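# Model the following, please.
(one chain, ligands or ions: 2)
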Amino acid sequence: MFENLLKYKKYRYLSLSLILIVSAAVIYLTQGIEQPANGGTWQGYTLGIFSAFLVLLLTYLGIRKRSYSSRMGTVEGWTSAHVFLGTSLLLIATLHAAFQVGWNIHTLAYVLMIAVILSGFYGLFTYLHYPQVMSKNNNGGSQESWLQELAQIDDEIKNRSGSCRAEIRLLVLSAIENTKISGGLFSQLTRSDNSKIKIQSESDKYTSNKNQERVISYLARALPNSLNHAEASAIDGILSKFSRRQRLLKIIKRNLQIKAYLRVWLLFHVPLTIALLAALTVHILVVFIYW
Ligand code: HEM
Ligand code: HEM
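Ligands and ions are numbered 1, 2, ... in the order given. Got it, this is the predicted structure:
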């Protein structure tokens with residue numbers, strides 16, 4: 001969906017935004033005859049009111065995205081309009097302010113608007129870039145299929161561990177039970193792995209089993225010391241299952257990381273939008289009270 005976002009309906013919203021920017025520039029250039037260019041001339045008011053209208057329209061996207069029953073345009077169209085109109089707002093609002101930005105309440109609205117737009121650019125980058133990264137990571141599979149395979153491997157490991165001595169059986173079960181896949185947003189973003197294991201022959205405490213390395217190295221060392229042929233073949237089988245498990249967990253965690261990248265920027269974009277709406281209201285009240 002997002003590849004067509006920018007080209008939507010033969011660049012409809014890119015064209016509309018260019019028309020708006022050129023019109024705003026023409027309106028801006030008609031200033032300076034009676035009064036110097038600023039937000040308080042009729043041209044300044046026109047550009048200001050239009051900028052505020054654009055902010056409300058862009059905010060509406062959030063509501064439109066969630067009301068699937070609405071017949072007012074498609075989500076794809078709204079998102080394309082959002083990206084281009086949001087970018088044109090940057091220029092139109094700058095012309096409204098006539099490049100006069102200083103340390104005051106008016107500039108707060110301007111700074112917040114820029115912050116929303118910049119976070120929007122980052123969001124657009126994630127929407128265009130990460131779906132491809134995710135399909136490369138999945139290589140034809142899906143998160144669901146990897147999780148199913150993981151559950152199947154875990155069952156197979158548990159079955160095969162029945163032929164091993166208690167020490168190995170408990171170790172293998174502990175590695176499976178204490179594998180941490182998802183965790184909070186931060187650990188998804190950093191792909192941190194808090195998987196643990198309890199090796200009873202060494203200690204009563206849990207130790208790190210990051211990337212399944214501890215269990216794999218233990219099993220590799222236990223293999224030559226197997227009690228009998230049945231145990232040796234079971235450990236060998238379990239070892240190769242843990243190697244596959246290690247690979248699967250890497251793919252699953254990378255998918256979770258990409259999904260986190262795709263939503264984390266909205267934690268900035270949306271609250272900054274709310275702050276912008278508040279600062280804009282104050283800006284309008286202040287100019288009407290003091291002007
Ligand atoms: C996205 C929307 C808007 C932004 C980001 C914005 C931002 C600004 C900025 C940065 C200035 C320059 C302040 C200065 O001179 O230091 C300004 C001036 C002004 N704005 Fe806005 N504005 C917006 C919308 C509006 C609206 C809707 C109105 C009126 C209905 C308005 C009325 C004015 C007026 C009258 C001035 C001149 C104030 C002065 O020169 O002291 N603005 N605006
Ligand atoms: C002042 C300008 C802007 C405002 C007020 C605004 C506001 C919003 C809001 C309220 C949402 C809905 C978030 C949600 O899912 O809950 C949104 C989504 C989004 N915004 Fe903005 N935005 C602005 C500018 C931009 C710009 C300039 C870009 C990119 C160049 C952008 C890119 C996006 C994208 C990609 C989404 C997600 C759309 C989707 O999930 O379908 N925004 N924005």
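# Now do the domain split for the chain, please.
8-138+264-290, 143-262 (automatic domain parsing).
# comparing these, which gets the lowest mean pLDDT score?
Among these, domain 8-138+264-290 carries the lowest mean pLDDT, at a mean of 90.
# Nearest to ligand 2, out of the domains of the chain?
Set against ligand 2 and scored by CB to the nearest ligand atom, the domains of the chain come closest in domain 8-138+264-290, at 2.4 Å. To be clear about C-beta, it is placed using only N, CA and C from the backbone, and glycine gets the same treatment.
# can you count the residues close to Arg221?
By other CB atoms under 10 Å, 9 other residues sit near Arg221.
# What residues sit buried inside the helix or strand encompassing it?
Using DSSP states H and E, Arg221 sits within helix 213-222. Residues of helix 213-222 classed as buried by neighbour count (16 or more other CB atoms under 10 Å): Arg214, Val215, Ile216, Tyr218, Leu219, Ala222.
# wait, isn't the first one in contact with Ser208?
Right, Arg214. Yes. Checked against CB atoms under 8 Å, the pair Arg214 and Ser208 is within contact range at 6.7 Å.
# joint contacts of those two?
Ile197 (CB atoms under 8 Å, 6 or more residues apart in numbering).
# In contact with the residue in the stretch 151-291 of the chain positioned nearest to ligand 1, which residues?
Residue nearest to ligand 1 within the stretch 151-291 of the chain (CB to the nearest ligand atom): Val287, separated by 3.9 Å. Contact partners of Val287, counting by CB under 8 Å, 6+ apart, are Gly39, Gly40, His106.
# so how far is Lys196 from Ala230?
Distance, Ala230 to Lys196, by CB to CB, to the nearest Å: 29 Å.
# Which one's more surrounded, the two?
Comparing Ala230 with Lys196 by other CB under 10 Å, the one with more neighbours is Lys196, at 18 against 12.
# Who does that one form a beta bridge with?
Ser208 (DSSP bridges).
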